[in-house]
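**Student:** A structural model of the following input is requested.
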Amino acid sequence: MATRKPLALVSGLFQEVNTPTDKLDFAGNTTTDLTEGSNLYYTNARVFSALSVSNSGTGYGSLAYSTVTGAFTYTVVTDTNIRGSLSVASGSGLTYNSGTGQFGTSAIPNSQLAFSSVTFGSTAVSLGGTSSTIAGLTSLTATTVTGSTNVISGAAGAANSITLGSTGIIFEGATADANKTTVNATDPTGTRSITFPDASGTLALLNSISVANSGTGFGSLSYDSNTGAITYSVVTEANVRGTLSASTTGTGYGALTYSSATGNYDFAVVTDANIRGSLSVAVASGLTYNSGTGVFGTSAIPNSQLANSSVQIGSTSVALGASTSTVAGLTSLTATTLYGGVFGAANSLYLDGTASALVFQGTTATVNTTKVVVTNPTANRTVTLQDATGTVALSANNLSFFASTTSAQLAGVLSDETGSGSAVFATSPSLTTPSLGVASATSVNKVTITAPATGSTLTIVDGKTLTASNTLAFAGTDGSTITFGVGGTVAYLGANNAFTGANTFTNATGQTFRQTSTQDGIILNGRAGGSSSFTSTLTPETLTANRTLTLPDETATLASQDFATAIAIALG
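**Tutor:** Predicted coordinates:
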């Protein structure tokens with residue numbers, strides 16, 4: 001049938017009631033005055049029993065409903081629920097506390113690092129490892145390295161400067177004034193790691209986060225900026241008595257639905273897959289994440305993600321994974337053995353700190369080496385090498401090892417030599433064809449030498465021999481010269497002044513006979529020229545007295561006896 005509006009008696013007339021604006025007066029009446037129809041009167045019990053809730057799926061968080069009190073209770077997803085679903089990979093160097101939900105690091109193994117060693121020259125040293133040798137260095141220079149308590153980027157106190165100090169990281173800001181922004185860390189009770197995502201944005205603080213309730217209805221969310229906790233205020237009985245509805249705001253996991261036909265609220269729980277799927281790791285952070293298992297791990301953490309990604313030796317800084325062939329800035333370098341070149345290679349050398357020795361390999365790589373060793377000193381010693389090029393002599397070398405040394409040079413280093421000039425040792429010397437200058441001797445080869453009062457000279461021409469078969473005494477005028485022929489007896493002044501042998505006098509200018517050097521003499525010449533060797537013989541007759549032949553003071557030719565006889569005959 002059609003729907004009709006109710007009638008009202010107004011001033012004796014019937015009028016339709018305008019239901020949007022007119023109100024009926026039920027004063028003095030109650031609902032008990034009317035019989036219930038299909039629309040039952042409201043009671044708490046009827047409302048409470050008409051509603052129910054259920055939870056679907058598996059996971060954390062649930063919604064409960066009491067038909068006695070009409071109260072809906074939502075069991076929240078706790079930190080323990082979320083933290084218990086997370087873990088870290090074994091051997092990754094990460095730590096995880098399921099009680100606090102805190103991730104950290106502890107002994108990240110070298111296998112989890114992109115670079116896990118530092119190379120000095122050609123010697124690689126793994127992180128945590130020890131090397132007693134460093135090879136491949138081409139230079140090693142010591143300088144002064146100065147540290148400070150603060151590290152400042154930009155000028156101290158200037159606009160946009162950053163100071164790293166013991167009180168934290170201090171940002172000056174765009175204006176250089178007394179206002180600073182300091183980033184500090186609460187004193188850690190374990191190893192902590194904070195990772196910034198690979199994205200741009202503004203960091204939120206606890207006191208900058210808020211929650212808002214949108215729309216009109218029942219229930220609300222509140223936020224505690226001190227603890228970061230979000231609290232959901234449940235719907236009260238007074239709320240339920242009003243219009244019931246359910247809505248889910250925002251985007252994310254978990255949802256609340258309401259059926260107006262059954263009065264049933266259904267809450268879709270937040271699952272492990274929901275939580276794990278919402279997590280990720282920053283690109284190039286070196287972290288890995290399995291959204292299926294919720295396991296975090298590490299893989300090739302780059303240097304940019306490490307607080308310390310280099311090693312400094314002296315003033316030389318080497319990034320992890322890099323290498324250097326030079327190290328500068330060392331003030332000392334201590335090792336049992338230090339190598340120059342590759343150990344055992346040709347021309348290499350090393351300092352052996354166990355034997356106090358300098359060991360040279362030589363130009364050929366063999367098992368043979370040259371080792372310079374010092375005798376254990378009993379006091380401070382200094383060995384100075386000459387400013388010259390040459391070969392070092394050994395105590396086993398004889399003097400032939402050295403350069404030619406003159407007697408004067410040798411005498412300069414001797415302290416018990418005798419004489420001067422060329423060196424002769426005093427005791428029983430063995431001399432071979434010596435050349436003696438002024439010398440003193442009492443005998444030579446058993447020949448007694450009588451030293452003259454002031455000095456004498458004995459000269460024997462080179463290659464000649466002087467032999468005396470009897471005791472002889474020579475005397476004569478100073479400056480005289482006696483020349484001997486091939487052999488014979490020497491004629492000398494005395495009682496027997498005679499030549500008894502057949503003597504031949506040969507001289508290019510003839511033989512001169514004088515009484516004295518200032519008187520006239522006779523020169524006997526042989527014939528000049530020709531090849532005959534005949535001689536003219538002067539032979540006296542038998543003399544009966546001393547005879548004298550006087551040569552005239554003129555040049556002429558002697559006549560023979562026959563010629564003289566002929567002249568006499570001719571003259572009559």
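**Student:** just the helices in the protein please.
**Tutor:** 44-50, 79-84, 237-241, 272-277, 407-413, 561-571 (DSSP state H).
**Student:** Can you give the contact residues for the second one?
**Tutor:** Contacting residues not belonging to helix 79-84 are listed as 60-61, 97-101, 275 [Cβ atoms under 8 Å, 6 or more residues apart in numbering]. In this view, the C-beta of every residue, glycine as well, is placed from N, C-alpha and C.
**Student:** Try it again at 10 Å.
**Tutor:** Applying Cβ atoms under 10 Å, 6 or more residues apart in numbering, the contact partners of helix 79-84 are 59-61, 75, 78, 96-102, 270, 272, 275, 294.
**Student:** Now, those that are in strands?
**Tutor:** Judged by DSSP state E, those include 75, 96-97, 102 as members of strands.
**Student:** and which of these is nearest Asn207?
**Tutor:** Asn207 has its nearest neighbour among the ones in strands among the contacts of helix 79-84 in Gln102, at 22.2 Å by Cβ to Cβ.
**Student:** Gly190 is in contact with the closest one, correct?
**Tutor:** Yes. Counting by Cβ atoms under 10 Å, Gln102 touches Gly190, with 7.4 Å between them.
**Student:** Find the residues that touch each one of these two.
**Tutor:** Thr95.
**Student:** between those two, who's got more neighbours?
**Tutor:** Gln102 (15 against 11; other Cβ atoms under 10 Å).
**Student:** What residues does the more buried one make contact with?
**Tutor:** 83, 95-96, 189-193.
**Student:** List the residues that contact Lys23.
**Tutor:** Val17.
**Student:** swap in Thr418?
**Tutor:** 424-427.
**Student:** One more pass at 7 Å, please.
**Tutor:** By Cβ atoms under 7 Å, 6 or more residues apart in numbering, the residues touching Thr418 are Ala426.
**Student:** Now do it against Gly455, distance only.
**Tutor:** Separation of Thr418 from Gly455 (Cβ to Cβ, to the nearest Å): 20 Å.
**Student:** and what of Thr316?
**Tutor:** Between Thr316 and Gly455 the distance is 81 Å, computed by Cβ to Cβ.
**Student:** now do Val281
**Tutor:** 114 Å.
**Student:** Between the two, which has more neighbouring residues?
**Tutor:** Comparing Val281 with Gly455 by other Cβ under 10 Å, the one with more neighbours is Val281, at 17 against 7.
**Student:** For the stretch 301-450 of the chain, just list every one of the strands.
**Tutor:** Using DSSP state E, counting those that start in this stretch, the strands of the stretch 301-450 of the chain run over 310-313, 316-319, 323-324, 326-328, 337-340, 349-352, 357-360, 370-373, 443-444, 447-448.
**Student:** Which of those comes out lowest on mean pLDDT?
**Tutor:** Lowest mean pLDDT of the strands of the stretch 301-450 of the chain: strand 337-340, a mean of 79.
**Student:** Give the other helices and strands that that strand contacts.
**Tutor:** The helices and strands touching strand 337-340, judged by 3 or more Cβ pairs under 7 Å, 6 or more residues apart in numbering; DSSP states H and E, are strand 349-352.
**Student:** First-to-last residue distance for stretch 301-317?
**Tutor:** In stretch 301-317, first residue to last residue: 20 Å (Cα to Cα, to the nearest Å).
**Student:** Show me the contact partners of it.
**Tutor:** 112-115, 118, 120, 142-143, 145, 284-286, 318-320, 324, 326-330.
**Student:** Name the member of the ones in strands among the contacts of helix 79-84 that has the highest neighbour count.
**Tutor:** Neighbour tally across the ones in strands among the contacts of helix 79-84 (other Cβ under 10 Å): the maximum, 18 neighbours, falls on Tyr96.
**Student:** Relative to Asn110, how far out is that residue?
**Tutor:** 21 Å.
**Student:** Kindly indicate which of the contacts of helix 79-84 lies nearest Val47.
**Tutor:** For the contacts of helix 79-84, the nearest to Val47 is Thr75 (23.0 Å; Cβ to Cβ).
**Student:** and that closest one, what are its bridge partners?
**Tutor:** Listed beta-bridge partners, Thr75: Ser62 (assigned using DSSP bridges).
**Student:** Touching, it and Gly59? I think so.
**Tutor:** No. Using Cβ atoms under 7 Å, Thr75 is not in contact with Gly59; the gap is 11.4 Å.
**Student:** okay if I get the ones in strands among the contacts of helix 79-84 as JSON lines plus distance to Ser220 and pLDDT?
**Tutor:** Listed next are the ones in strands among the contacts of helix 79-84 as JSON lines, based on distance: Cβ to Cβ, whole Å; pLDDT from 0 to 100:
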{"residue": "Thr75", "distance to Ser220": "18", "pLDDT": "90"}
{"residue": "Tyr96", "distance to Ser220": "35", "pLDDT": "88"}
{"residue": "Asn97", "distance to Ser220": "33", "pLDDT": "89"}
{"residue": "Gln102", "distance to Ser220": "31", "pLDDT": "89"}
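**Student:** Where in the chain is the helix or strand with the lowest mean pLDDT?
**Tutor:** Ranked by mean pLDDT, DSSP states H and E, the weakest helix or strand in the chain is strand 139-141, scoring a mean of 55.
**Student:** Report pLDDT for the closest residue to Gly254 other than its chain neighbours.
**Tutor:** The shortest distance from Gly254 to any non-neighbouring residue, by Cβ to Cβ, 6 or more residues apart in numbering, is to Val270 (4.4 Å). According to the prediction, Val270 has pLDDT 85.
**Student:** of the contacts of helix 79-84, closest to Val461?
**Tutor:** If you rank these by distance to Val461 using Cβ to Cβ, Tyr96 comes first, at 116.4 Å.
**Student:** which residues touch that closest one?
**Tutor:** Tyr96 is in contact with 86-88, 103, counting by Cβ under 7 Å, 6+ apart.
**Student:** Generate a ChimeraX selection restricted to the buried subset of those.
**Tutor:** This is the ChimeraX syntax for the buried subset of the contacts of Tyr96, where burial follows 16 or more other Cβ atoms under 10 Å:
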select :86,88,103
